[in-house]
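Engineer: Pasted the sequence and its predicted model underneath.
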Amino acid sequence: MIKIYGIKNCNTMKKAFDWLDNKGIKYEFHDYKKIGISDEKLDQWLQSLDIWKLINAKGSTWRLLTDSEKAGVYNIPSAKALMKEKTSVIKRPLVELPNNEYLLGFDEGEWKVKLEK
């Protein structure tokens with residue numbers, strides 16, 4: 001089973017949920033807006049994923065940061081601190097696959113390749 005991370009009331013998440021449901025793909029959902037995200041999970045992601053792929057720099061949470069806050073994100077510890085404080089800045093959906101691979105964002109073509117078997 002895959003695990004999908006994100007925020008329930010996000011349009012991209014809704015597309016992802018609809019796609020998974022329509023394909024009959026079972027998943028576990030982790031709403032990091034309600035549950036938060038652990039240091040261990042962020043460390044795991046940051047070992048495998050580039051900071052600037054993991055941070056949604058096109059999203060409203062990032063755009064609402066001050067220039068000083070944005071400039072303060074320059075390495076793994078600073079990115080982790082931001083994602084811990086403002087979970088909405090994490091690109092979504094983030095899907096953990098059983099083979100320790102990840103899908104970031106909803107790209108139907110990529111999802112078909114990785115999830116339809």
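Structural biologist: Arrived safely, thanks for sending. Numbering: from 1, shown residues only.

Engineer: Give the buried residues for the longest helix anywhere in the chain.
Structural biologist: What stands out as the longest helix in the chain, according to DSSP state H, is helix 11-23. Residues 12-13, 16-17, 20 are the ones in helix 11-23 that count as buried (16 or more other CB atoms under 10 Å). Every residue, glycine included, has its C-beta placed from N, CA and C.

Engineer: Out of these, which comes closest to residue 60?
Structural biologist: When these are compared for distance to residue 60 (CB to CB), residue 12 wins out at 12.4 Å.

Engineer: if we can go back for a sec, export the longest helix of the chain as CSV, just CAs?
Structural biologist: Output in CSV follows, covering the C-alpha atoms of helix 11-23 (Å, rounded to 0.1, in the frame of the first residue of the first chain):
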residue,chain,number,x,y,z
ASN,A,11,-7.2,21.0,-5.2
THR,A,12,-4.2,19.0,-6.4
MET,A,13,-4.8,16.5,-3.5
LYS,A,14,-8.4,16.2,-4.6
LYS,A,15,-7.3,15.3,-8.1
ALA,A,16,-4.8,12.8,-6.7
PHE,A,17,-7.5,11.2,-4.5
ASP,A,18,-10.0,11.0,-7.3
TRP,A,19,-7.4,9.4,-9.6
LEU,A,20,-6.4,6.8,-7.0
ASP,A,21,-10.0,6.0,-6.1
ASN,A,22,-11.0,5.7,-9.8
LYS,A,23,-8.1,3.3,-10.3
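
Engineer: still on that earlier bit, so can I have a markdown table of the buried residues of helix 11-23 showing pLDDT?
Structural biologist: Below are the buried residues of helix 11-23 laid out as a markdown table (pLDDT from 0 to 100):
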| residue | pLDDT |
| --- | --- |
| 12 | 94 |
| 13 | 96 |
| 16 | 97 |
| 17 | 97 |
| 20 | 97 |
